[in-house]
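Asker: No sequence on hand, only this structure:
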């Protein structure tokens, strides 16, 4: 069952950043590869119009406001902290950010065609460079992510799936 989000209340926020903002939120640097993400973005900032926006132990409302001003969101680079993404990525996709995260092969197969840009420590710099310099690619991934979240994580979609599980288990008769 996917994490539910009211996609009617979290909408894409149009902006025209001259310097591309790469956001990352964490409560645990170890599980997400935060130090590596920060180092890569800061290194890219020496040669490209990009800046790192790190949210660490930030209250949710503030995090949402900050993310709404960004272009790209990087969730995690490892398989240590869960299945590849969480609510922060879902919210970022709903806002229209291009979202990068590590998805292992089994989970990628389970998700099927999805809106994530799959990254790891080996390809993060190359992938971010493409997203930074290629506005059309960044926009395409942003739109694909938003569409996927609406199709997969919208609260109404998740509710229908939950009730289907109830019916299949015999809890509900109709």
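Answerer: Everything's here; your move. Values in this document were obtained by computation on a predicted structure and should not be read as measured data.

Asker: which is the next helix or strand following the longest helix seen in the chain?
Answerer: Scanning the chain for the helix with the most residues, using DSSP state H, yields helix 135-152. Toward the C-terminal end, the helix or strand that comes next after helix 135-152 (DSSP states H and E) is helix 155-169.

Asker: Who are the packing partners of the longest helix of the chain?
Answerer: Under the contact definition 3 or more CB pairs under 8 Å, 6 or more residues apart in numbering; DSSP states H and E, helix 135-152 sits against helix 87-94, strand 98-101, helix 124-133. (Glycine included, C-beta is placed from N, CA and C.)

Asker: quick one, which of those is nearest to residue 49?
Answerer: With respect to residue 49, and counting by CB to CB, the nearest of those is helix 124-133 at 7.3 Å.

Asker: List the contacts of the closest one.
Answerer: Helix 124-133 is touched from outside by 20, 22, 36-37, 40-41, 43-44, 48-50, 71-72, 74, 77, 98, 100, 117, 119, 137-138, 141, with contacts defined as CB atoms under 8 Å, 6 or more residues apart in numbering.
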